[in-house]
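Participant: Sequence first, predicted coordinates after that:
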2 protein chains.
Amino acid sequence: MPSYKAPTRDARFIINEVLKLESYGNLPGFDGATADIVDVVIEEAGKFAGEVLAPLNASGDAQGCTRQADGSVITPEGFKEAHRQFREAGWGTLSAPTEFGGQGMPHVLGFAIEEFMSAANQAFAMYPGLTDGAVSALLAKGSPELQAKYVLKMVANEWLGTMNLTEPQCGTDLGLIRTKAEPQADGSYAITGTKIFISAGEHDLTDNIIHLVLARLPDAPEGTKGISLFVVPKLLVNDDGSLGARNAVSCGAIEHKMGIHANATCVMNYDGATGWLVGEENKGLAAMFIMMNAARLGVGLQGLAQAEHAYQNGAAYAIERRQGRALTGPAQPQEKADPLIVHPDVRRMLMDAKAFTEGLRALGLWIGLQVDLAHRAPSDEERQAADDLVGLLTPVIKGYGTDRGFATAVDMQQIWGGHGYIVENGMEQFVRDARIAMIYEGANGVQAMDLVGRKLAAGGGRAIQAFFALVDGECAAAKGDERLSDLAARLERANGELKAATMWFLQNAMANPNNAGAGATPYMHLTGIVALGLMWLRMAKTAAAALADGSSDKAFYEAKLVTARYFGERFTPDAGALRRKIEAGSEAMMALDAEMFTTA
Amino acid sequence: MPSYKAPTRDARFIINEVLKLESYGNLPGFDGATADIVDVVIEEAGKFAGEVLAPLNASGDAQGCTRQADGSVITPEGFKEAHRQFREAGWGTLSAPTEFGGQGMPHVLGFAIEEFMSAANQAFAMYPGLTDGAVSALLAKGSPELQAKYVLKMVANEWLGTMNLTEPQCGTDLGLIRTKAEPQADGSYAITGTKIFISAGEHDLTDNIIHLVLARLPDAPEGTKGISLFVVPKLLVNDDGSLGARNAVSCGAIEHKMGIHANATCVMNYDGATGWLVGEENKGLAAMFIMMNAARLGVGLQGLAQAEHAYQNGAAYAIERRQGRALTGPAQPQEKADPLIVHPDVRRMLMDAKAFTEGLRALGLWIGLQVDLAHRAPSDEERQAADDLVGLLTPVIKGYGTDRGFATAVDMQQIWGGHGYIVENGMEQFVRDARIAMIYEGANGVQAMDLVGRKLAAGGGRAIQAFFALVDGECAAAKGDERLSDLAARLERANGELKAATMWFLQNAMANPNNAGAGATPYMHLTGIVALGLMWLRMAKTAAAALADGSSDKAFYEAKLVTARYFGERFTPDAGALRRKIEAGSEAMMALDAEMFTTA
């Protein structure tokens, strides 16, 4: 059975050494995040993830959730106790605002911990993870009364939250939502309709569950301009905060899924359930997007997380399992065979995994810092610049992160050979669990269109231009350093391909928007490569400096330099191919009549 | 639930129009394969696959196989009856030799049918598929007595066969085999040991099961030079052909797997079971490779097959499901939303699937024809040339075919969004089933090393040089035709990248064989792109000629030209990136100490 040890050394390296979090100590909320405190929080979170959550990952998958005849749902053995420990340790409160019982720590720290929890047990981590999203929406758009009633308990994980968007006839296209909200005399609304694919829709972890639900008012305009957001608690909450009557919302069924069996994915039936409006009427989509954007970054981290857990067990097997001999002659002639890790093709998969996971971890944490800076940086310009980066790279972290995260889980299963296909060995669970992250919170094709259709154009292309300049600037600065110059040159070339692809969109997407759609996914991957390249350049720079300073942790920093080189050699060459695919446009892609896809 | 309709039109196009099978009518065994007969056989096989096997695919997955307390195994409902129909229709006999009850038809036809059966129900198709491999080994190496006793019944599918290679301590590295074979006074051997991952090791489809088993004689040399092959029937066979006593071989357990649940993957215990030597002592590996090479091509076809079944259902959903609007404005303004297929990113996945499946089908059938020509072509030179192509492209069909086949199944699941993650919709089964094909019969990394380490060098590089010349020749011939010139130019460039990569191996792998290992997988994919490009060039040429002749099936041929163009635009650009990855060599890849993969 797989084991998991949170990559705490790497997270601390990124936060303390690469991002230098301590240097932001003058900003509100950052003063508590000294390197010492970061180290303690990271190590404790890693311990919790490895010791409490990881041991429930395989058993949770095997048992799944069970719906009882009365509609209640039982989570797998150990989940309730683990969630009690999670709550008591205050892991849900870390970066929540202090006025609602949170610790007000920077999000960048919250991101690191989210990775560990998701890696150890994605199905478990989704329960508190969705709650965080619901809290964000309530904090941004909810009235002070709603906030007072719900947020404190949700931050404390005494109640958990959900997001209710999807209906049978609509997933991506929320304009098709049919769930109705009828205004009531007391200012509440009666919510009626069916929602599907509701993660953590019903469970036994907490007494109450707070659903955030998209629905339409009777007179609402058609499409996405007629959607409103409501808070609908499972149990009504009295004015004194005590729990009241059961609301008319219930779990009709649990879906049978490919993976994340331990998270209850529910069909939720609303039969005139009492709800309260969050924000303005017909402005529900904007409120939901607040939740969704946070959730998208979280899902990107899931891609990283499953890749990391799988990688650790792929590497362990490659070291332990003996099969065949090194191409250069027996590495351990006293044994009957060499360990798998002597084989270059096994190394290839491990180095790909290492270059991806460490690179995406750096990218996720850097963007986590930007989330903080977007709120707390001293000047408008700095906040805007940070917000631009978050907007631009959220679809990349989600889409590229989960595509590549899934591919990494598949590679790590491959290292196990036939044993990787056997359920009890746990490697195939990573593949099944990682698969969902490419789909939910906006399928990756939707992320690609968000990037190309919305984020590139926003503010006259301000975000992408700033990103180009950032990459070029850091490449130019690194070129003189012989330990960095090869990667810097390769990254500069990849950035050039990205610029050319962007220019191609400018010139060709206006006349035919399908040209943007046809290139969207390659563009998202191309941006991912450049963004990870920038992270590797920074990590290499930090590592080179530490080595020059005579650090005692030499092997760690040398490995960073080797992996940075590997990234340059093995990841950046795809940039040119991706650009050429983009420049092929949409003509051949869109040429066939639909029926040519169904006649064979 | 998914449905499957065998792509018979496409198979007939390739066999009759592209390969022009009828033009080989003067060769032994080919005279029966007129275009009319090919059409009938293909259509009937397609019907059987779609109507009998496909409906059992999801139910077989849900039920799986059950081992009883006495060690017997029950296959899912309907499998026994389906196999009875398979046997009675004679689908197992098609390309088997006439002297053993076969129909002696060309293998190329057998390949087409194998795709359909695997696509409709991979777990089912493995039962007769493994039997074909066992028959090949017995025909090539078995004594006339063994052949007389077993082959007739196996060709008729009255008895099914298995391959027993893997043991707990050895998969890829067969030199580590421990199963023992003790010579007995009557000329038989007593086989003792444990084999794992034995597909179809025990079941209720036939009265007898014929195991081909690798084992070591008491005085055998160490390693792969001390392995012998034995035939070990489940029930001993009397001299008159009737069934005798139960042999000392039994199924100890069925593995719980990620997919192909309906195929019983068994732990087989041999407790002094009676076996007979196949071929010479200590030459078992060579005999096993006869089986394995046939099986590898079959597994490559499985990659294609699962991709095809998934593609059909991805396309159907893309046409039926409405979500969002076309980027160019509502395509069906009278409806509330447009079908998914208007979205370029959905098209991208469908066109990728179409370009891959039709390309790999052509490649598989072309190599199927080469298998025939390697035996039946009139001259030594022609037989050698055909055999070279089979040897060179077998690892490519297996490795590239299953890597890309799996990726295609993942893409088709993606088109279904959240519904693709739900078990009952059947899309996730394709992903789980397709996954094994990358692993068994030699993991894809082993295929890549077979290509780079063995096939490139064989005969002084004769096979790859002939392949280069073939591609260049057809590109040069096509350049003057404006309907083909763009693809020809792109393919020529890709072939140039492949030549450069080959040259790089020549110059760098001698000094350090890890340089070959480090580039093996990219090289396998690069070869796959060039081989599929050659097929697309041929298909485009055939289609263009049919259109010029005023064919009435215009839409079919126009679609071939569009898809050929798409292949050139969207597949060939990867060639340059793959070459650059190869040329990066092994230095960074192999630089880290093993422990740097386990400390985080």
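Facilitator: Perfect, I can see it now.

Participant: give me every residue that touches residue A:175.
Facilitator: Applying CB atoms under 8 Å, 6 or more residues apart in numbering or on different chains, we find residue A:175 in contact with A:222, A:223, A:224, A:227, B:337. To be clear about C-beta, it is placed using only N, CA and C from the backbone, and glycine gets the same treatment.

Participant: Out of the residues you listed, which two sit at the greatest distance?
Facilitator: Of all pairs drawn from the contacts of residue A:175, the greatest distance, 15.0 Å, lies between A:227 and B:337 (CB to CB).

Participant: can you give me the helices in the stretch 501-600 of chain A?
Facilitator: Ranges of helices in the stretch 501-600 of chain A, per DSSP state H, counting those that start in this stretch, are A:514-548, A:554-570, A:574-583, A:587-590.

Participant: measure the closest residue in space to residue A:114 that isn't next to it in sequence to chain B for me?
Facilitator: Residue nearest to residue A:114 in three dimensions, not counting chain neighbours: residue A:301, with 5.4 Å by CB to CB, 6 or more residues apart in numbering or on different chains. Relative to chain B, residue A:301 is positioned 16 Å away (criterion: CB to the nearest CB, to the nearest Å).

Participant: In the stretch 401-550 of chain A, what residue lies closest to chain B?
Facilitator: For the stretch 401-550 of chain A, the residue closest to chain B is residue A:517, as judged by CB to the nearest CB, at 3.1 Å.

Participant: How about the residues of the stretch 101-250 of chain A by chain B?
Facilitator: A:166, A:170, A:171, A:172, A:173, A:175, A:176, A:196, A:197 (CB under 8 Å from any CB of the partner chain).

Participant: which residues sit in contact with the third one?
Facilitator: In this structure, residue A:171 makes contact with A:197, B:323, B:417, B:418, B:419, judged by CB under 8 Å, 6+ apart.

Participant: hmm, which two among the residues you listed are most spread apart?
Facilitator: By the measure CB to CB, A:197 and B:323 form the most distant pair in the contacts of residue A:171, at 14.1 Å.

Participant: Going by how many neighbours each has, rank the two and give me the top one.
Facilitator: The residue with more neighbours, out of residue A:197 and residue B:323, is residue A:197; 25 against 22, by other CB atoms under 10 Å in any protein chain shown.

Participant: A strand includes the more buried one, no?
Facilitator: Yes: per DSSP: H, G, I helix; E, B strand; the rest coil, residue A:197 lies within a strand segment.

Participant: so who does it touch?
Facilitator: Taking CB under 8 Å, 6+ apart as the test, what residue A:197 contacts is A:166, A:171, A:255, A:265, A:440, B:418.

Participant: Can you lay out those as TSV showing pLDDT?
Facilitator: TSV is the format used below for the contacts of residue A:197 (pLDDT from 0 to 100):
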residue	pLDDT
A:166	96
A:171	90
A:255	97
A:265	98
A:440	97
B:418	97
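
Participant: Could I have the ChimeraX command that selects the buried members from the residues you listed?
Facilitator: Under the burial definition 16 or more other CB atoms under 10 Å in any protein chain shown, those of these that qualify are selected in ChimeraX by:
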select /A:166,171,255,265,440 /B:418
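
Participant: where does chain A dip in pLDDT?
Facilitator: Within chain A, the stretches with pLDDT under 70 are A:600.

Participant: The residue nearest to residue A:114 reaches residue A:115, doesn't it?
Facilitator: Yes: applying CB atoms under 8 Å as the test, residue A:301 and residue A:115 come out as touching, 4.9 Å apart.

Participant: so what's in contact with these two at the same time?
Facilitator: Between them, residue A:301 and residue A:115 share the contacting residues residue A:364, judged by CB under 8 Å, 6+ apart.

Participant: returning to that earlier point: neighbour-wise, which of the contacts of residue A:175 leads?
Facilitator: The most crowded member of those, judged by other CB under 10 Å, is residue A:227 (26 neighbours).

Participant: contacting residues for it?
Facilitator: A:174, A:175, A:177, A:214, A:215, A:216, A:220, A:282, A:284, A:285, A:288.

Participant: Of the residues you listed, keep whichever come out buried.
Facilitator: Taking 16+ other CB under 10 Å as the criterion, what is buried in the contacts of residue A:227 is A:174, A:175, A:177, A:214, A:215, A:216, A:220, A:282, A:284, A:285, A:288.

Participant: quick one: buried residues of the helix or strand hosting the last one?
Facilitator: Secondary-structure assignment from DSSP states H and E places residue A:288 in helix A:284-320. Of all the residues in helix A:284-320, those buried under the rule 16+ other CB under 10 Å are A:284-288, A:290-315, A:317-319.

Participant: Helices along the stretch 201-350 of chain A, start to end?
Facilitator: Taking DSSP H, counting those that start in this stretch, the helices of the stretch 201-350 of chain A run over residues A:284-320, A:344-376.

Participant: ok, back up a step: quick one: the helices of the stretch 501-600 of chain A as TSV, columns for mean neighbour count too.
Facilitator: As requested, these are exported to TSV (neighbours: other CB atoms under 10 Å in any protein chain shown):
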stretch	mean neighbour count
helix A:514-548	24
helix A:554-570	22
helix A:574-583	23
helix A:587-590	21
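
Participant: Please tabulate those helices in a markdown table, including the columns distance to residue A:477.
Facilitator: Conversion of the helices of the stretch 501-600 of chain A to a markdown table gives the following (distance: least, CB to CB, whole Å):
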| stretch | distance to residue A:477 |
| --- | --- |
| helix A:514-548 | 9 |
| helix A:554-570 | 15 |
| helix A:574-583 | 20 |
| helix A:587-590 | 40 |
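
Participant: The ones you listed: which one's closest to residue A:107?
Facilitator: With CB to CB, the closest approach to residue A:107 among the helices of the stretch 501-600 of chain A belongs to helix A:514-548: 17.5 Å.

Participant: Residue A:162 versus residue A:129, what's the distance?
Facilitator: When distances are taken as CB to CB, to the nearest Å, residue A:129 and residue A:162 turn out to be 11 Å apart.

Participant: what do you get for residue A:273?
Facilitator: The value you get for residue A:273 to residue A:162, if CB to CB is used, is 13 Å.

Participant: Mind jotting down where the helices sit in the stretch 51-200 of chain A?
Facilitator: With DSSP H, counting those that start in this stretch, the ranges of helices along the stretch 51-200 of chain A come out as A:57-63, A:79-89, A:107-120, A:122-141, A:144-155.
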